[in-house]
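Student: structural data only, the sequence is not supplied:
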Ligand SMILES: Nc1ncnc2c1ncn2[C@@H]1O[C@H](COP(=O)(O)OP(=O)(O)OP(=O)(O)O)[C@@H](O)[C@H]1O
Ligand SMILES: [Mg+2]
């Protein structure tokens with residue numbers, strides 16, 4: 001029997017639906033349940049084949065637990081090591097390099113620091129910052145937003161240098177980015193599962209957050225060309241970042257889809273917020289992805305310690321098996337080629 005665990009925050013309908021969906025399809029051979037953890041022992045045994053992580057970005061204990069579980073071979077959606085390392089500014093820069101349209105963005109030094117960091121500790125920092133140069137590059141309107149955040153927290157639309165300073169002075173220890181504001185004609189959020197399956201959802205950010213009114217139902221919202229480009233961009237981004245579950249947001253202006261937010265590895269999937277159609281889509285897509293992983297075997301990401309954990313004898317054995325496999329067909333092929341050659345020669349002689 002294979003086991004799938006889910007680690008959740010306050011959400012209700014998504015965990016219920018994904019557990020039911022996996023249990024129905026699993027027919028007793030694959031069982032899904034809520035994860036229960038307390039003190040984690042150093043030599044903790046493997047309990048789950050797959051875990052869907054929805055909350056470790058807010059609970060460091062869960063993040064550390066998941067890394068420990070990965071060491072036993074549990075496949076985690078999404079990879080807790082990469083998620084810990086990732087940030088939105090890196091993502092913007094990477095996506096721009098691989099051909100996705102990204103608004104002009106600048107990473108800003110923090111406004112405040114922990115007490116032990118004094119001006120002597122910050123001698124590498126330019127002071128004062130070239131604010132004029134920064135806003136000249138980014139332009140107005142702009143968005144001041146954390147380099148690692150969610151839930152529209154600490155996101156401000158900025159129209160002037162004075163407004164920028166005012167909001168920046170309130171940002172405290174958060175590391176912020178300043179991004180060109182796209183005065184969009186259209187806006188979409190896209191689910192992506194397994195770096196392959198994409199659902200493009202028309203979205204109206206002017207409606208209240210999590211109100212259920214943001215996800216709008218419009219037939220043929222995008223032209224076929226724009227639809228194809230966005231689908232391609234979503235896959236490119238999710239493949240590059242290695243997320244199995246993610247949401248990518250695009251502000252579309254003059255036919256260009258600008259990706260403005262794509263570090264959402266625990267995307268909202270509650271019925272009340274995303275609607276029944278989108279909810280069902282993500283539940284089905286994730287269920288199918290997990291079964292595919294379980295059937296084909298979850299190849300865990302290659303970690304630096306993988307080789308150290310495999311006993312040397314096993315590695316040597318694997319290598320010998322590989323060498324024999326590769327030499328055999330070669331010999332057979334060489335013999336056949338010689339035989340074929342001599343047959344061809346004889347045929348020609350006749
Ligand atoms: N560059 C931009 N151009 C236009 N609008 C933007 C831009 N950046 C952010 N916004 C607006 O602000 C909203 C919140 O910004 P963003 O998505 O970056 O924050 P978030 O906290 O990650 O949100 P979420 O939790 O929805 O993913 C966006 O949905 C969009 O409406
Ligand atoms: Mg967003």
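Tutor: Looks like it arrived, so ask away. All of these numbers come straight from a predicted model, not from anything done at the bench. Ligands and ions are numbered 1, 2, ... in the order given.
Student: okay, now residue 69: neighbour count?
Tutor: Here the number of neighbours of residue 69 (other CB atoms under 10 Å) works out to 24. Using the backbone N, CA and C atoms, a C-beta is placed for each residue, glycine as well.
Student: pull the contacting residues for it.
Tutor: Residues in contact with residue 69, defined by CB atoms under 8 Å, 6 or more residues apart in numbering, are 44, 46-48, 51, 76.
Student: looking at the chain, which residue is nearest ligand 2?
Tutor: Closest residue of the chain to ligand 2, CB to the ion: residue 261 (3.6 Å).
Student: that residue pairs with what?
Tutor: Counting by DSSP bridges, residue 261 forms beta bridges with residue 249.
Student: next: residue 2.
Tutor: residue 30.
Student: how far away is it from ligand 1?
Tutor: Using CB to the nearest ligand atom, to the nearest Å, one gets 32 Å for the distance from residue 2 to ligand 1.
Student: before we move on, the earlier item: select only the buried ones of the contacts of residue 69 in ChimeraX?
Tutor: Applying 16 or more other CB atoms under 10 Å to those, the buried members can be selected in ChimeraX as follows:
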select :48,51,76
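Student: contact partners for the residue nearest the centre of the chain?
Tutor: Per CA atoms, centre = their mean, the C-alpha nearest to the average position across the chain is that of residue 243, at 2.9 Å. With contact set as CB under 8 Å, 6+ apart, residue 243 has these partners: 78-79, 82, 192, 195, 265.
Student: can you rerun that using 10 Å?
Tutor: Counting by CB atoms under 10 Å, 6 or more residues apart in numbering, residue 243 touches 77-79, 82-83, 86, 192-195, 237, 262-265, 267.
Student: which of these fall within helices?
Tutor: For the contacts of residue 243, the ones inside helices are 82-83, 237, with DSSP state H as the criterion.
Student: how about these in a markdown table, adding pLDDT, distance to ligand 2 and neighbour count?
Tutor: Supplementary listing: these in a markdown table, determined by pLDDT from 0 to 100; distance: CB to the ion, whole Å; neighbours: other CB atoms under 10 Å:
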| residue | pLDDT | distance to ligand 2 | neighbour count |
| --- | --- | --- | --- |
| 82 | 95 | 19 | 13 |
| 83 | 96 | 16 | 20 |
| 237 | 98 | 14 | 23 |
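Student: residue 176 and ligand 1, how far apart?
Tutor: When residue 176 is compared with ligand 1 (using CB to the nearest ligand atom), they lie 11 Å apart.
Student: correct me if wrong: that residue contacts residue 112.
Tutor: No. Residue 176 lies out of contact with residue 112 (CB atoms under 10 Å); the separation is 11.1 Å.
Student: can you pick out the residue with more neighbours from the two?
Tutor: Between residue 176 and residue 112, residue 176 has the larger neighbour count (other CB under 10 Å), namely 25 against 11.
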